Every structure is written in structure tokens, then in C-alpha cells.
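Peer 1: Got a predicted model here, sequence first, then my questions.
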Amino acid sequence: MAWGTQRNWRWCSKCSGLWFGGNGVGKCPAGGGHTKVGSGNYSLVHQATSAPGQSNWRWCSKCQGLWFGGNPAGKCPGGGVHTKVGSGTYTLAHQSGAGQSNWRWCSKCQGLAFGGNAARPCPAGGVHTKVGSGDYRLPIVTTRLRVHVKILTNPNVSLDTMLHNMREVYATANIDVEWATTESLNLPALNDVDVGTCNMGVVTPEQALLFGNRNFVGANDVVVYMVRSTVPPFNGCAAHPAGRPGAVVAQGASQWTFAHELGHVLGIHHVNNNNRLMTGNGTANITNPPPDLVASEVATMIASALTVNV
Amino acid sequence: MAVTFEQVKAALDPEEPAYNKAAAALGVEALPHLARLVAGDQMMLASKAAYLAGLIGTSAAVDVVQRAARSTHASVRVAAAAAAGKLSSADAGDVLINLIDDGDLGVQKVALRAIPAGAASDALRARVQSLSAAKGKVSNQDLAIETMARIGGLSDTTNAAPSPKSPKKAVKKAVKKAAMKTVRRRKPG
């Protein structure tokens, strides 16, 4: 349970391939090194144990490109074939999900190339092909939100699902959701936490105690406490002590509650529309998943001090 | 016009239901639907239904809360305990007398807090007094002591309540007793 995210993956306008821009420029099949000119900042799910999507994508340390490790290694512009030595495993949203679509697997070189432009040079000769490929979606991010999870009771909907759903919705606002840490807390006295009226700026003594558990949490990070229940019974509650941003989410919450409560923490409010994340009619009634964020909500979220530019 | 099941469910579906508004708008006609939700298999809705019944607060509402108090789901019993705190003193006592003996620490905590001050029966006081004397690794003993002070001792003066402690201190002490179990931290690969 848990996965990370890694940013600084880039589109190369010379070969259309995806490559990691955090090292040198690698080797481009179009000649010389890759370029990041004109590229957004792509974020990939990294080291997932159970995130939805297709796993076994690998970074090649010779060319810096991303390639699919589920088949025999394809030809590498750095010489020979791609290597997975030193690489983690990456999981890509496949056929659905938020982000830029039309990224394609090339069956000739096993790399990933953007299929929205004319095909560009492939290290295996000629140009990349999209024959046999599904449609991969890659989120382009401009800010990040760092989330810590403290578990008093595991939710009925898995954390993987809740965080994945949040990542998918927040990606539409170009916010990269980082699942930073997970910690189990044995605090039976706070497992059914009194949240009072659950109004922003007002907390009970129990909320104050619960939110005092901040191992590993940085100044602009948010914490979600997974509890068995709240008193009175809510799916979640985003009221938090000053300077300790976060929320509680109850065991019986829906798959969207986690993202919804952190939406409140970022400053957005209920709406009467079941196509949107911030529906005040219950996120279990969301009719067209993934739910939407509108431009004004995105602007508020991006303006929050908790979303940090990347 | 009769209140429908859909109206009741719509009031409880939000992440944070507006309970007072729902109780005022739906009233006693919601109770059969709340009973159905309490008996259903959706734990979250059952908890919310129990709490709303407590706010509606008639004798029929007591039946709904009592049913929730017998749920196999601890979180529904927690909601029943919270709901009991919204009932009349006599009705609350009938619900709470069983819930304060619940083997679940959270149910017991909320039940103790829900006991109305000044109107608890001797039987209820005796149960609380017994809890205030019980010792365990993790218990609500301190909260029971504080509750005894709040609701008053037994009629028999030989059973006077021990000196009170603040509820905040009681929670803090229980938290301190519980150790942090495991810590897992991710590292970038």
C-alpha cells in the first residue's frame, strides 16, 4: 500500500519520446541528446504495489527514455538494448484516467512516444509506430500537494483507490498529489473522534489532540487521519487546528471523500452538482466519474499555500 | 405530503449532513425510513440515520436509536450513543445503560459523555461507578470518574464519587497509554 510520484519526465520534440530530465540529456534517436524545450513537466506513478494502470515501465539509464519492461528489451539509442538496471517500476494510466492522452507504446523499440504529432525517429529504424498500442495518459503538473496519511482504522475503500482517485481529479488542475508517508497510530481514544460542528476554524479538544500527531509532516504538507467514525457521524471533516492543515476521513467514506475533504482544506466549498468533486449531495452520488473541478475551484486550489510550484 | 425514503436518504448522503436542518424539515415521518437505514447494510448511512433519529427525539425515535445500539457495527453503536445524548434524560438512560457496558472503548467513551447531567438513574450511576473503579491497560476509567462527578453520586452516600478530573485530561491520559504501533515511511526509489 502506497506509491510515490516522480516528476521531471519530459517530451522530446526531436524523437517524441518520454525521457527523464533529472539527469543529463541522454541519447536521442534523432541525434545528440534529448531536448525538453516546449515540454510540460510530467509526473509518473513510481514503485506502486497496487495502483491502477499498467506497471513494469522502466527508465533506461543509457538513453534516459521510458520503455516497457514486460517484453524483451528493445533497441536503445545509447547502444545495444534498453536496460532496467537501477530503475524503479513505473505505472501508467492506460485507456482511461486524467492527463494528456495519445501517448503510445512503440512495438519496435518498446519506448513511449507521443502520438499526437507526426511520427519521429525510432532507435530501431524508421519512425515510431503506434500499431498495437493502447492510449496512455500522462498528467502534466505545475504544483504539488504533499499528503501524509495517519491510520487509526483502515477505510472500507482502499487507500490506494482513494489516493489514486484524488490524483486523477487533481491532475485536471495540474496538481501533483504526492503520497508522502503512511503511519499507523494506535490511539483508541481518538478512533471515534468528536468533531463538534465541523466548522472551519473551530476544533474540539479531541481534534486538537489528533492533529498533534505530525511525524514527518512539513510546514505546507497536509495530513489525513483515517478514523473509524466521527461524532456526529460524517464521512469526513476538514476542520483543523490553525497551522495544522488536514482532515479526518471515516471508515465508511466513499471513494471520493478523501479528495473532497482535501478540497475543503485547499479552500473550495460545496456545490449543488453531482458531476463535481465538491458536490454537497454526497460524493457517493457522483454521476460521471472522475468528478470535475471548475476553473474557479482550480484557481483557488492553486492559490493555496499548500500547493507548491514545481 | 409524506416524507419519502429518497428524501431521507438525500438528507443523509452528504459527506457532512446538516442534521439539525434535516430533523426540522423531515420530522417524525422520517422515522420509518431511518429504521430501515439503521437495519441496512450500509454502515455509514446507518450511523447517520441513528443520529438523526436522536435529534427527532420522539418515543418512536427511541426505538430507532435502540435498534442502532444493538448493531453489530461498533461505529453504528457509537452513533447510537451520540444520538442518545440528544434524547430526553429518561430515554437516554434506557439506551445508554447498555452502551456504557459495551466492550468497545469508543462506544463506551461516547456513551459516558452522552449521559445527561442530573437526571441519570441510580442503575446508570452504579454502572458508571463500576467503570470508574475498573482498571485496564486502555480504559475509560478517567472519563468514568469525570462522568460520576458530572452526573452526581449514588443516592447511597457511601458510594460517593471520586474526585473529578477534566475530560481533556482523561482523553490525554488514554492517548498517552496507547503507543504508536508502526511507522512506515516511503523512500524514493
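Peer 2: Now that the structure is in, tell me what you want to look at. Since the model is a prediction, treat every value here as computed from it, not as a measurement.

Peer 1: just the strands in the stretch 1-150 of chain A please.
Peer 2: For the stretch 1-150 of chain A, the strands defined by DSSP state E, counting those that start in this stretch cover A:4-11, A:18-20, A:42-46, A:54-59, A:66-68, A:90-94, A:100-105, A:112-114, A:136-138, A:143-151.

Peer 1: Distance to residue B:27 and mean neighbour count for those strands - can I get that in JSON lines?
Peer 2: C-betas here are computed from N, CA, C, even on glycine. Shown next, in JSON lines, are these (distance: least, CB to CB, whole Å; neighbours: other CB atoms under 10 Å in any protein chain shown):
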{"stretch": "strand A:4-11", "distance to residue B:27": "49", "mean neighbour count": "21"}
{"stretch": "strand A:18-20", "distance to residue B:27": "60", "mean neighbour count": "27"}
{"stretch": "strand A:42-46", "distance to residue B:27": "49", "mean neighbour count": "24"}
{"stretch": "strand A:54-59", "distance to residue B:27": "53", "mean neighbour count": "21"}
{"stretch": "strand A:66-68", "distance to residue B:27": "60", "mean neighbour count": "27"}
{"stretch": "strand A:90-94", "distance to residue B:27": "48", "mean neighbour count": "22"}
{"stretch": "strand A:100-105", "distance to residue B:27": "51", "mean neighbour count": "21"}
{"stretch": "strand A:112-114", "distance to residue B:27": "60", "mean neighbour count": "27"}
{"stretch": "strand A:136-138", "distance to residue B:27": "49", "mean neighbour count": "23"}
{"stretch": "strand A:143-151", "distance to residue B:27": "39", "mean neighbour count": "22"}
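
Peer 1: Next, format the ones you listed as a markdown table and append distance to residue A:241 and mean pLDDT.
Peer 2: Formatted as a markdown table, the strands of the stretch 1-150 of chain A follow (distance: least, CB to CB, whole Å; pLDDT from 0 to 100):
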| stretch | distance to residue A:241 | mean pLDDT |
| --- | --- | --- |
| strand A:4-11 | 28 | 94 |
| strand A:18-20 | 39 | 98 |
| strand A:42-46 | 30 | 93 |
| strand A:54-59 | 39 | 94 |
| strand A:66-68 | 42 | 97 |
| strand A:90-94 | 35 | 91 |
| strand A:100-105 | 38 | 96 |
| strand A:112-114 | 44 | 97 |
| strand A:136-138 | 37 | 95 |
| strand A:143-151 | 14 | 97 |
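
Peer 1: Looks to me like residue A:168 is in a helix.
Peer 2: Yes: under DSSP: H, G, I helix; E, B strand; the rest coil, residue A:168 sits within a helix.

Peer 1: Let me know the pLDDT of it.
Peer 2: On pLDDT, residue A:168 comes in at 93.

Peer 1: okay, how far is it across stretch A:11-22, tip to tip?
Peer 2: 13 Å (CA to CA, to the nearest Å).

Peer 1: again with stretch A:112-125
Peer 2: 15 Å.

Peer 1: Go through that stretch and flag the buried ones.
Peer 2: A:112-115, A:119-124 (16 or more other CB atoms under 10 Å in any protein chain shown).

Peer 1: Include distance to residue A:239 when you put the strands of the stretch 1-150 of chain A into TSV, please.
Peer 2: Shown next, in TSV, are the strands of the stretch 1-150 of chain A (distance: least, CB to CB, whole Å):
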stretch	distance to residue A:239
strand A:4-11	28
strand A:18-20	40
strand A:42-46	30
strand A:54-59	38
strand A:66-68	42
strand A:90-94	33
strand A:100-105	36
strand A:112-114	43
strand A:136-138	34
strand A:143-151	16
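
Peer 1: May I ask which helix or strand of chain B has the lowest mean pLDDT?
Peer 2: strand B:182-185 (a mean of 37; mean pLDDT, DSSP states H and E).

Peer 1: which of the buried residues of stretch A:112-125 are close to chain B?
Peer 2: Residues of the buried residues of stretch A:112-125 in contact with chain B (CB under 8 Å from any CB of the partner chain): none.

Peer 1: List just the nearest of the residues you listed to chain B.
Peer 2: Nearest to chain B, judged by CB to the nearest CB, of these is residue A:112 at 18.9 Å.

Peer 1: thought that closest one was touching residue A:102?
Peer 2: No: contact criterion CB atoms under 8 Å: residue A:112 and residue A:102 do not qualify, at 11.1 Å.

Peer 1: Could you report the separation of the most centrally placed residue in chain A from chain B?
Peer 2: Centroid check for chain A by CA atoms, centre = their mean gives residue A:167 as the closest residue, at 3.6 Å. According to CB to the nearest CB, to the nearest Å, residue A:167 and chain B sit 15 Å apart.

Peer 1: same thing with residue A:36?
Peer 2: 20 Å.

Peer 1: for chain B, what are the nearby residues on the stretch 201-310 of chain A?
Peer 2: So far as CB under 8 Å from any CB goes, the stretch 201-310 of chain A lies against chain B at A:205-206, A:209, A:215-216, A:228-229, A:231-237, A:250-254, A:257, A:260-261, A:270, A:280-285.

Peer 1: Kindly recompute the last result at 6 Å.
Peer 2: A:205, A:209, A:228-229, A:231-236, A:252, A:257, A:260, A:280, A:282, A:285 (CB under 6 Å from any CB of the partner chain).

Peer 1: Tell me where the longest helix sits in chain B.
Peer 2: The longest helix of chain B (DSSP state H) is helix B:43-56.

Peer 1: roughly how far out does that one sit from the chain middle?
Peer 2: Centroid separation for helix B:43-56 versus its chain: 11 Å, with CA atoms, centre = their mean, to the nearest Å.

Peer 1: Same check on stretch A:228-236?
Peer 2: For stretch A:228-236, the distance to the chain centre is 26 Å (CA atoms, centre = their mean).

Peer 1: Put the alpha carbons of that stretch into CSV.
Peer 2: The C-alpha atoms that make up stretch A:228-236 are tabulated as CSV, following Å, rounded to 0.1, in the frame of the first residue of the first chain:
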residue,chain,number,x,y,z
ARG,A,228,-13.4,4.6,12.5
SER,A,229,-16.0,7.3,12.8
THR,A,230,-16.7,10.9,13.7
VAL,A,231,-19.1,12.2,16.3
PRO,A,232,-21.5,13.2,15.0
PRO,A,233,-21.3,10.8,12.0
PHE,A,234,-19.8,12.4,8.9
ASN,A,235,-17.9,10.8,6.0
GLY,A,236,-15.1,13.2,6.8
